[in-house]
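J.: Have a look at this fold, sequence not included:
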DNA sequence: CAGTATCCCGATGGATACTG
DNA sequence: CAGTATCCATCGGGATACTG
């Protein structure tokens, strides 16, 4: 497993390591979609993420794959078909995402802000 | 409240917003220490974070303060004395940090890795 | 369809030194 | 003690265009 992200080499603690794993502009949302939809193709996922360029989407997916959160299945057909889905490992992080979302919702409210699009419930 | 960090303006969802709040090389650990020690002075905190420069520590503390996680109390004495402690708001995130840490510990074990320094329990 | 290839920018954070 | 001041390297990520 290569060193790819900033503080992977020497995680100060498991908590920091975990934060590093799900950092990334779209990772949380990607995991969320795979969690509720089960399996999605590349462009299907892409359509859910307005503003995300293919380049970045690929990158985030590859990182999630390296970290064993998701699997990438390539079907040898024309046109290409690639499916992404959560691993069992990936599913274990579901509760954390929910908790982050719940806490954040409360925080935004307490600060008089409002979540723009409720991508995760 | 000024726009300071990358995705504050339009959080895709509360979950992403929350992640952005506790992103930062040392924020998780800072919160953890304040959580268990209650109140700490600048250098006292600094000593717990080998590798963290004063410059960066100040920055992270200021951000945490802006986000209402901590308070900064300056005592008008010589030599200077400044204390940092969690707000009630800050304390509400404690359970999340624990959960991130617990999950991360399991993840590191399952991947055959080992947390370097167990900064958070 | 599922990506690559380039180019580019701003934010984050490290190193080092200095100060009221 | 609790910071500032500078300078600098890196990285995440955006824009745009192209392809097997």
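T.: Yep, it's here. Predicted model only: the values in this text are computed from it and were never measured. Residues are numbered from 1 along each chain as shown, chains lettered A, B, ... in the order given.

J.: Now do the closest residue to residue A:90 other than its chain neighbours: how many residues are near it, please.
T.: Distances taken as C-beta to C-beta, 6 or more residues apart in numbering or on different chains place residue A:69 nearest to residue A:90, at 3.8 Å, with adjacent residues excluded. C-beta coordinates here come from the backbone N, C-alpha and C atoms, glycine included. Residue neighbour count, defined by other C-beta atoms under 10 Å in any protein chain shown, stands at 23 for residue A:69.

J.: Beta-bridge partners for residue A:85, please?
T.: With DSSP bridges applied, residue A:85 shows beta-bridge pairing to residue A:39, residue A:71.

J.: give the contact list for it.
T.: With contacts defined as C-beta atoms under 8 Å, 6 or more residues apart in numbering or on different chains, residue A:85 is in contact with A:34, A:38-40, A:70-71, A:73.

J.: Could you pick out the buried ones from those residues?
T.: Buried positions within these, assessed by neighbour count (16 or more other C-beta atoms under 10 Å in any protein chain shown), are A:34, A:40, A:70-71.

J.: For residue A:63, state which of these is nearest.
T.: Lowest distance from residue A:63 to the buried ones among the contacts of residue A:85 (C-beta to C-beta) belongs to residue A:70, with 9.7 Å.

J.: Please report how far that closest one lies from residue B:68.
T.: Between residue A:70 and residue B:68 the distance, using C-beta to C-beta, to the nearest Å, works out to 35 Å.

J.: Quick check: residues of chain A near DNA strand D?
T.: Those residues of chain A that sit near DNA strand D, judged by C-beta under 7 Å from any atom of the strand, are A:4-6, A:23-25, A:51-56, A:60, A:79-80.

J.: and DNA strand C, which of those residues reach it?
T.: Checked against DNA strand C using C-beta under 7 Å from any atom of the strand, the residues of chain A next to DNA strand D give the following subset in range: A:6, A:53-55, A:79-80.

J.: Just send these back as TSV, with secondary structure and pLDDT too.
T.: As requested, those are arranged in TSV below (DSSP: H, G, I helix; E, B strand; the rest coil; pLDDT from 0 to 100):
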residue	secondary structure	pLDDT
A:6	coil	76
A:53	coil	96
A:54	helix	97
A:55	helix	97
A:79	coil	96
A:80	coil	97
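
J.: Which single one of those is nearest to residue B:101?
T.: residue A:6 (19.0 Å).

J.: ok, the residue nearest to that closest one when sequence neighbours are not counted - how many residues close by?
T.: With sequence-adjacent residues excluded and distances taken as C-beta to C-beta, 6+ apart, residue A:6 is closest to residue A:20, at 7.1 Å. Neighbours of residue A:20 under the rule other C-beta under 10 Å: 19.

J.: Please apply the same query to residue A:110.
T.: 11.

J.: how close does it sit to DNA strand D?
T.: Using C-beta to the nearest atom of the strand, to the nearest Å, one obtains 25 Å as the distance from residue A:110 to DNA strand D.

J.: and that residue, what is it in contact with?
T.: Residue A:110 makes contact with residue B:89 under the criterion C-beta under 8 Å, 6+ apart.

J.: Enumerate the positions of stretch A:71-86 that are buried.
T.: Along stretch A:71-86, these residues count as buried under the neighbour rule (16+ other C-beta under 10 Å): A:71, A:83-86.

J.: Can you say which two of these are spatially most distant?
T.: Distance extremes for the buried residues of stretch A:71-86: the farthest pair is A:83 and A:86 at 11.4 Å, using C-beta to C-beta.
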